[in-house]
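Novice: For reference, the sequence and a predicted model appear below.
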Amino acid sequence: MAAAGTAKLLSRPQQFPQCAPNRISLNPRPHSLSFSRRRPSLAKPLRLRAALSEPTTAVSSTPPPSAAFRHCFTRGEDGYLYCEGLKVEDVMESMEERRPFYLYSKAQITRNFEAYEKALAGLPSPIVGYAIKANNNFKVLQHLRSLGSGAVLVSGNELRLALRAGFDPKKCIFNGNGKLLADLVLAAKEGVFVNIDSEFDLENIVNAARIAGKKVSVLLRINPDVDPQVHPYVATGNKNSKFGIRNEKLQWFLDAVKAHPNELKLVGAHCHLGSTITKVDIFKDAAALMVNFIDQIRDQGFEIDYLNIGGGLGIDYYHTGAVLPTPMDLIDTVRELVVSRDLTLIIEPGRGHFMGVDEMPQE
Ligand SMILES: Cc1ncc(COP(=O)(O)O)c(C=O)c1O
């Protein structure tokens, strides 16, 4: 059945640009968001804060001399690190009392989200659900929501955060193998999509629907058993994964859904193979298996519309200049399959929104 490549271990530690981590401030310049927290002191516990701030010193906006760059952080010929033309050193000075801090590029996040939108153009009502676990900073969430993004959630806190940030519940998917009953009740009341992850999870969702007095739109998270060729710790779509249902148990789940017509409405199938995937063929293999499952499900009279192919597009962690697949490459590999079954595609990018996965022209 599935493509069975051998797992390739990524043994090197993850390395990010040397921007100092962590209190939150919205840089008044349009293209960057900086987030910081108070300098840790031995006497006081570290306290995360969110605030709007004005830099206290002028920030140079001289663009870096090296013209072409694929992502927001780049090394200028002067040896300094730049973010969208802002000298990071200047930003650091302006944040004097609030270091360390996180600095993200609002423009980069926008480009990355828009790259998915562009790739999905022509497909009927696709959902780009941002996997909040990648970065749950409230400013980031509000920004993505303003762009039209949905949200992918794995805890009650993420669900409440997404609702507070104003995400449309019809573009939210509640995932995970540890969903609590109280959180599922909230999801049911708000009309969020819920992924069934296990027998136990299904029982909880049924109970939540009864408590909320609302039918829940559910997707089955099926393990297609495709090797994502990533570090085993982030490989989740294989047979023995602790997430999702084993594909040979599909019939049991379909019968259980049929047995609860007042509580559950099956609307789709979901898979998430893993993270940091660098070969789009892997998504194609998985999508081919998933549409077969969808055919089987439809054959039993279920009217399901959604295929959720999860997240996982890799990023250039090591700044090697590696040419990685873009959202367009990813969507192109599954487009035909999606169209052939008249499906609505859901995609769940996470970490990629913060790095250079876009394919938009860099000015
Ligand atoms: C179900 C699910 N969807 C989406 C993602 C986002 O993955 P990535 O950050 O690799 O795009 C994850 C990450 O763990 C996940 O578990």
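Specialist: Ah, there it is.
Novice: Skip the chain neighbours and tell me the closest residue to G156.
Specialist: Computed as CB to CB, 6 or more residues apart in numbering, the closest residue to G156 that is not its neighbour in sequence is D183, at 3.2 Å. Backbone N, C-alpha and C define where each C-beta goes, glycine included.
Novice: need the contact list for the one you found.
Specialist: By CB atoms under 8 Å, 6 or more residues apart in numbering, the contact set of D183 is 155-156, 159, 174.
Novice: And L250, how close does it get to R99?
Specialist: With distances taken as CB to CB, to the nearest Å, L250 is found 52 Å from R99.
Novice: Give me the neighbour count for the closest residue to the ligand within the stretch 51-200 of the chain.
Specialist: Scanning the stretch 51-200 of the chain for proximity to the ligand using CB to the nearest ligand atom identifies A131 as nearest, at 3.5 Å. Using other CB atoms under 10 Å, the number of residues around A131 comes to 26.
Novice: Also E77?
Specialist: As a measure of burial, E77 has 8 neighbours, counting by other CB under 10 Å.
Novice: in which helix or strand would I find it?
Specialist: Assigned by DSSP states H and E, E77 belongs to no helix or strand.
Novice: Next, find the distance separating it from E89.
Specialist: 15 Å.
Novice: cool, N238 as well?
Specialist: Distance of N238 to E89, computed by CB to CB: 45 Å.
Novice: do V234 as well
Specialist: As for V234, its distance to E89 is 34 Å (criterion: CB to CB).
Novice: who touches the closest residue to the ligand within the stretch 201-350 of the chain in this structure?
Specialist: Nearest to the ligand in the stretch 201-350 of the chain, going by CB to the nearest ligand atom, is G350, at a distance of 2.5 Å. Applying CB under 8 Å, 6+ apart, we find G350 in contact with 130-131, 133-134, 152, 275, 311-312.
Novice: Any regions of the stretch 101-250 of the chain where pLDDT drops low?
Specialist: Scanning the stretch 101-250 of the chain for pLDDT under 70 picks out 237.
Novice: Could you pull out the helices in the stretch 201-350 of the chain for me?
Specialist: For the stretch 201-350 of the chain, applying DSSP state H, counting those that start in this stretch gives helices covering 250-258, 280-299, 327-340.
Novice: any idea how far stretch 183-201 is from the chain center?
Specialist: 18 Å (CA atoms, centre = their mean, to the nearest Å).
Novice: Neighbours of S125, how many?
Specialist: When neighbours are counted by other CB under 10 Å, S125 comes out with 12.
Novice: Kindly report the same for I245.
Specialist: For I245, using other CB under 10 Å, the count is 21.
Novice: ok, now how distant is it from D201?
Specialist: Distance from I245 to D201, counting by CB to CB: 9 Å.
Novice: How about A107?
Specialist: 39 Å.
Novice: if we can go back for a sec, reformat the contacts of G350 into CSV and put distance to V339 next to each item.
Specialist: Shown next, in CSV, are the contacts of G350 (distance: CB to CB, whole Å):
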residue, distance to V339
Y130, 24
A131, 25
K133, 30
A134, 29
V152, 23
S275, 27
G311, 21
G312, 22
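Novice: Could you list the residues of the protein in contact with the ligand?
Specialist: By CB under 6 Å from any ligand atom, the residues of the chain that approach the ligand are 131, 134, 152, 175, 272, 275, 310-313, 348-352.
Novice: Return the member of those residues nearest to A121.
Specialist: P349 (16.3 Å; CB to CB).
Novice: Does the closest one touch Y130 like I think?
Specialist: Yes. P349 lies in contact with Y130 (CB atoms under 8 Å); the separation is 6.6 Å.
Novice: So if I had to pick from the two, which one is more boxed in?
Specialist: Higher neighbour count among P349 and Y130: Y130, with 32 against 25, using other CB under 10 Å.
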